[in-house]
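K.L.:
I need the structure of the sequence given here:
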Amino acid sequence: MNQCLHGIRGVLVLWVISFYLTRNGFLDVPVLNHLFLLGWLGIHLLFMLVAYAMTAAWMNNEAKDNAFGPYIIRRLACLYPSYFVSFLLLWLLFAFFELETFSGFGDIFGHFLLLFHLPPLYASPMNAVWSILSVLMLIYLIFPTLMYMMKFLGVLRFLFACFAVMLVYRWMVVYQWQPASLHIDNVNHLPGILGYVAVGMALAYVQGGNKQLHLGWLSLCGLLSAVSFLMINMGMISWYGLGALFFDPLIAITVGLLVHAIGQWSLLSKALMHWFSGMWCQRLGNLSYGLLLWHLTVFKLLSVFLSGWLFYAVATAAVMLLAWLNYEFIERRFMVDQSV
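P.N.:
This is a model prediction of the structure:
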């Protein structure tokens, strides 16, 4: 199972990369641009995958391994070493080319702790992709509490509680805090994507289920998701209103039910597990963290000096090389497991 999750992570990261490159003007494929720009959804699905993997690992570990100390050490070993290397190198590059400087100690401290856009620091990441790592860090910190909540409340009440937090937070961002003090991207901070985390945890925690019931809920939620997506794209409802409030929660529920339904269909689930466990998906999974860390920075820096096909060739090669070096000489030295 870990191999399959590892391969899925690689594919999702590739989708996320296409989103960042398209949004920043480095990738333009007219036929695929709409799909690439939906890569923000790939970010949320990554959080769901992380929650699923951590829950499965938590349930399989002995009780002593689930103590907060050993748990957080394992999580930080997966996240921090590669981030620190990219942070220091980027800091030096930005200083050398005079591209950006820190606004003060709070900015440096925010980068050091991977806590962005939180009062009183309000640090803005030098690399926009680091915002993903900031949310991931918060997930790591509250995950043990979420596990105890799910055991105490039961899966259904736990899901309702997390989705209630998700909807209330989004409502506050969209209708109470906008537009004076917060940007709409704030709906993508941890409270706003808590439903994805909860669904991932519940999928790992719950075994079995009634196939017909789940497929019925899948059909309903899938239909509602499709209708809301079409209404957003046709301008009937605004993403900066009802779209931001309800579309993501619907997608989270739909994906969760879809994964559960696939798990009931053994032939399809075995085929997908075989494909994601294959050599190329595994290699992509190995490089995924390095690709995520370096792709946008390399493209931005090289765009100053190169253009045309040479720019794309050199930038792609540089990102692949950095991702490989990151995996071989940093991640493999610190990573305790590949559960995330």
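K.L.:
is residue 306 part of a helix or strand, or is it coil?
P.N.:
Under DSSP: H, G, I helix; E, B strand; the rest coil, residue 306 falls in the coil class.
K.L.:
and it, how many neighbours?
P.N.:
14 (other C-beta atoms under 10 Å). C-beta: built from backbone N, CA, C; applies to glycine.
K.L.:
for the one 5 residues further on, same thing?
P.N.:
For residue 311, the neighbour count with other C-beta under 10 Å is 16.
K.L.:
same deal with residue 220?
P.N.:
13.
K.L.:
check the one 3 residues further on too.
P.N.:
Residue 223: 12 surrounding residues under other C-beta under 10 Å.
K.L.:
now do the same contact list for residue 284.
P.N.:
7, 10-11, 13-14 (C-beta atoms under 8 Å, 6 or more residues apart in numbering).
K.L.:
distance to residue 74 and secondary structure for these - can I get that in JSON lines?
P.N.:
Putting these into JSON lines (distance: C-beta to C-beta, whole Å; DSSP: H, G, I helix; E, B strand; the rest coil) gives the following:
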{"residue": "7", "distance to residue 74": "21", "secondary structure": "helix"}
{"residue": "10", "distance to residue 74": "21", "secondary structure": "helix"}
{"residue": "11", "distance to residue 74": "24", "secondary structure": "helix"}
{"residue": "13", "distance to residue 74": "20", "secondary structure": "helix"}
{"residue": "14", "distance to residue 74": "25", "secondary structure": "helix"}
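K.L.:
of those, closest to residue 52?
P.N.:
For residue 52, the nearest member of the contacts of residue 284 is residue 7. The distance, counting by C-beta to C-beta, is 13.8 Å.
K.L.:
correct me if wrong: the closest one contacts residue 285.
P.N.:
Yes: at 5.2 Å, residue 7 and residue 285 qualify as touching, with contact defined as C-beta atoms under 8 Å.
K.L.:
not counting sequence-adjacent ones, nearest residue to residue 8?
P.N.:
For residue 8, ignoring the flanking residues on the chain, the nearest one in space by C-beta to C-beta, 6 or more residues apart in numbering is residue 276 at 5.3 Å.
K.L.:
low-confidence regions, the protein specifically.
P.N.:
Scanning the chain for pLDDT under 70 picks out 1, 62-65, 97-105, 117-122, 177-185, 207-219, 264, 335-340.
K.L.:
helices along that one, start to end?
P.N.:
Secondary structure of the chain (DSSP state H): helices located at 2-23, 33-37, 39-60, 68-97, 105-113, 130-153, 155-171, 194-205, 211-233, 248-264, 266-276, 279-302, 308-326, 332-334.
K.L.:
that older thread, relative to residue 42, how far out is the residue nearest to residue 8?
P.N.:
15 Å (C-beta to C-beta, to the nearest Å).
K.L.:
try residue 68
P.N.:
30 Å.
K.L.:
which one's more surrounded, these two?
P.N.:
residue 42 (19 against 11).
K.L.:
skipping adjacent residues, who's closest to the more buried one in space?
P.N.:
Nearest non-adjacent residue to residue 42, counting by C-beta to C-beta, 6+ apart: residue 15, 3.7 Å away.
K.L.:
residue 23 too?
P.N.:
residue 37 (6.6 Å).
K.L.:
repeat for residue 91
P.N.:
Closest residue to residue 91 apart from its sequence neighbours, by C-beta to C-beta, 6+ apart: residue 126 at 7.3 Å.
K.L.:
correct me, but that neighbour touches residue 92?
P.N.:
No: contact criterion C-beta under 8 Å: residue 126 and residue 92 do not qualify, at 11.4 Å.
K.L.:
looking at the two, which is more packed in?
P.N.:
The residue with more neighbours, out of residue 126 and residue 92, is residue 126; 19 against 10, by other C-beta under 10 Å.
K.L.:
could you check how far the more buried one is from residue 295?
P.N.:
Taking C-beta to C-beta, one finds residue 126 at 14 Å from residue 295.
K.L.:
please apply the same query to residue 303.
P.N.:
Per C-beta to C-beta, residue 303 is found 12 Å from residue 295.
K.L.:
neighbour count winner among those two?
P.N.:
Remark: of residue 303 and residue 295, residue 295 carries more neighbours, 27 against 14, as counted by other C-beta under 10 Å.
K.L.:
look up how far residue 128 lies from that one.
P.N.:
Taken as C-beta to C-beta, the span from residue 295 to residue 128 is 11 Å.
K.L.:
same check, this time on residue 300
P.N.:
Taking C-beta to C-beta, one finds residue 300 at 10 Å from residue 128.
K.L.:
with residue 8 instead?
P.N.:
23 Å.
K.L.:
for residue 281, same thing?
P.N.:
26 Å.
K.L.:
neighbour-wise, which of the two wins?
P.N.:
Of the pair residue 281 and residue 128, residue 281 is the one with more neighbours under other C-beta under 10 Å, namely 19 against 16.
K.L.:
which residues touch the more buried one?
P.N.:
6-8, 10-11, 275.
K.L.:
reformat those residues as CSV; add neighbour count and distance to residue 195.
P.N.:
Output for those, formatted as CSV (neighbours: other C-beta atoms under 10 Å; distance: C-beta to C-beta, whole Å):
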residue, neighbour count, distance to residue 195
6, 22, 24
7, 25, 25
8, 24, 19
10, 21, 24
11, 18, 22
275, 14, 27
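K.L.:
brilliant, that's me finished.
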